[in-house]
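# Predicted model and sequence follow; I will ask about them next.
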Amino acid sequence: MAPLSQPPPSPIGARLEDAVFAVRRRVATSPRVGVVLGSGLGAFGDTLDGLVKIAYRDVPHMPSPAVEGHEGNLCFGDVAGTSVVCMQGRVHLYEGHPVDRVVQGVRTMARLGAGLVLVANAAGGLEPAWSPGDLMAIDDHINLTGISPLTGVNDGDVGPRFPDMTAAYDPELRAWLVAAGRDAGVPLRQGVYAGVLGPQYETPAEVRMLRVLGAHAVGMSTVHEVIALRHMGVRVAGLSCITNLAAGIADRPLDHAEVEATARSRQEQLTTLLRGWIARAGASSRPAGTP
Ligand code: HPA
């Protein structure tokens, strides 16, 4: 009879072990809450109490962002007594990274213990009545990138082969965002986020198509992160900063510098909103788990 042998660790599991091992040498805490801070939205990471920053380049398998406006740090610290990890900057598929590397950061946060994660991004608004600077709680998404981070052999220790996406953006976590916005006097839009590959902005015809499909905002991130987090049973909230009206809705060409400037102009409100959301997350007792 052939000798029994352990199956080799899956590439996903092995990479996560390496990343967690490297982080644990620098920080001992297990963060309960994770936050992903996209284009121009990184300032919140610097407001954590007892901040410890680890550059992505010091975390095995973490690609570093090459895009202007994206730093590349994991930030550890507390908000009102709740232990938090932030991704200050993210990488995108359009930078040429394989999709499993695009989600390495969120998977690492989940493996470190974050059972509740808020994913924030900059997005183009598809509603003519909206304005640059509006904030939108994400209800749901449409993945138009043509790829999933779950393609390939599934690692059953990370998550199931066919994860459910019915309530990918957790209604309770969304309600905490709306309540935090109400407390802070920050009104929130709500809607569906369409994730596209980019890096070019959309044509006006594509924008008309996205509206027909039922989307309210469009961006080049988030959907793969949310799929990977749901795969791991993490509860997710999503928040878009509407940095511009999408092509053809606005009457002038889009410009990345303006997108970033609008995001930066909302950082203070975003910080207030995130603090209110984390306070509610910290007070909740329901652990992460499959739906
Ligand atoms: N389209 C796609 N991604 C974006 C946009 C947009 O208009 N604005 C910010 N990110």
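All right, it came through fine.
# any low-confidence regions in the stretch 1-150 of the chain?
In the predicted model, the stretch 1-150 of the chain carries pLDDT under 70 at residues 1-10, 67-70.
# residues touching the closest residue to the ligand within it, list them.
Proximity of the stretch 1-150 of the chain to the ligand (Cβ to the nearest ligand atom) peaks at Gly124, 2.1 Å away. The C-beta positions use only the backbone N, C-alpha and C, and glycine is treated the same way. For Gly124, the contact set (Cβ atoms under 8 Å, 6 or more residues apart in numbering) comprises 201-202, 207, 217-219, 242-247, 254.
# secondary structure element for it?
Using DSSP states H and E, the element containing Gly124 is strand 116-125.
# just how off-centre is whatever helix or strand comes next after that strand within its chain?
Downstream of strand 116-125, the next assigned helix or strand under DSSP H and E is strand 135-143. On the basis of Cα atoms, centre = their mean, to the nearest Å, strand 135-143 sits 11 Å off its chain's mean C-alpha point.
# who does the helix or strand just after strand 135-143 touch, helix- and strand-wise?
Following strand 135-143 in sequence order, the next helix or strand is helix 171-184 (DSSP H and E). Counting contacts by 3 or more Cβ pairs under 8 Å, 6 or more residues apart in numbering; DSSP states H and E, helix 171-184 packs against strand 116-125, strand 135-143, strand 188-195, strand 235-245, helix 267-283.
# Nearest to Asp18, out of these?
strand 116-125 (20.8 Å; Cβ to Cβ).
# Quick one: name the residues of the protein near the ligand.
Residues of the chain lying near the ligand by Cβ under 6 Å from any ligand atom: 122-124, 201-202, 218-220, 243-244, 246, 254, 259.
# who wins for most neighbours among the residues you listed?
Neighbour counts for those (other Cβ atoms under 10 Å) peak at Ala123, which has 33 neighbours.
# close enough to count as contact, it and Thr243?
Yes: with contacts counted by Cβ atoms under 8 Å, Ala123 reaches Thr243, the gap being 6.9 Å.
# now do the same end-to-end measure for stretch 189-202.
In stretch 189-202, first residue to last residue: 22 Å (Cα to Cα, to the nearest Å).
# about what we covered before: how about TSV for the contacts of Gly124, with pLDDT added?
Converted to TSV, the contacts of Gly124 look like this (pLDDT from 0 to 100):
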residue	pLDDT
Tyr201	97
Glu202	97
Val207	98
Ala217	98
Val218	98
Gly219	98
Ile242	97
Thr243	95
Asn244	96
Leu245	96
Ala246	96
Ala247	95
Leu254	91
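# Thanks again, I'm all set now.
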